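1. Provided below are the primary sequence and the corresponding predicted coordinates.
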Amino acid sequence: METLPDFDVMAKLAQDDPEKFEQLRQQLIEETINQANSGMQPRLKAQQSHIDLIISRGKNPLHTTMLLRDELQRQLARFAQTLQQPSAQENAVITPISSHPKQVDNADKSSL
């Protein structure tokens, strides 16, 4: 992974060449996700997509920061609730789907 330039360099790049800044941001994000465990990569990509959507809604840098802060607070509140009340989570109902025809047990075979 490329070494991240210091804050002042990044701030100047964002101000002087926003397209180049965005390209660098996307490259660094992609490299970071690709270094993660392959099982986590889809979840990280989905999370980044959600973050990018929030960023796209920002009217200016301050508004974008506020939107991201609000989203982080929502996620932290959900996480805290899960830690404090794990039984409050909804449990999924799992319906098995068999790709094989129904098995006939031995008692039923004798009548065939």
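-> Now that the structure is in, tell me what you want to look at. All values derive from a computational prediction rather than experimental measurement.
2. now name the helix or strand holding Thr95.
-> Under the criterion DSSP states H and E, no helix or strand holds Thr95.
3. tell me the domain boundaries of this protein?
-> Domain segmentation of the chain under automatic domain parsing yields 1-35, 42-86.
4. first vs last residue of the last one, how far apart are they?
-> Distances were taken as Cα to Cα, to the nearest Å; on that basis the terminal residues of domain 42-86 are 24 Å apart.
5. same question for stretch 54-63.
-> Across its full length, stretch 54-63 reaches 10 Å end to end, with Cα to Cα as the criterion.
6. just stretch 50-65 next, same as before
-> 14 Å.
7. what residues does that stretch touch?
-> Leu67, Leu68, Glu71 (Cβ atoms under 8 Å, 6 or more residues apart in numbering). All C-beta spots, glycine's among them, are computed from the backbone N, C-alpha and C.
8. about what we covered before: with mean pLDDT as extra columns, can I get the domains of the chain in CSV?
-> Shown next, in CSV, are the domains of the chain (pLDDT from 0 to 100):
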stretch, mean pLDDT
domain 1-35, 92
domain 42-86, 95
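9. looking at these, which is nearest to Val93?
-> Among the domains of the chain, the nearest to Val93 by Cβ to Cβ is domain 42-86 (18.1 Å).
10. what's the helix or strand for Ile51?
-> For Ile51, the host element (DSSP H and E) is helix 41-57.
11. sorry, slip of the keys, the one I care about is Val93.
-> Here Val93 is assigned to no helix or strand, by DSSP H and E.
12. how big is the angle separating the biggest helix by length in the chain from helix 41-57?
-> Ranked by residue count and defined by DSSP state H, the top helix of the chain is helix 61-84. Counting by axes from the mean of the first three to the mean of the last three Cα atoms, to 10 degrees, helix 61-84 lies at 140 degrees to helix 41-57.
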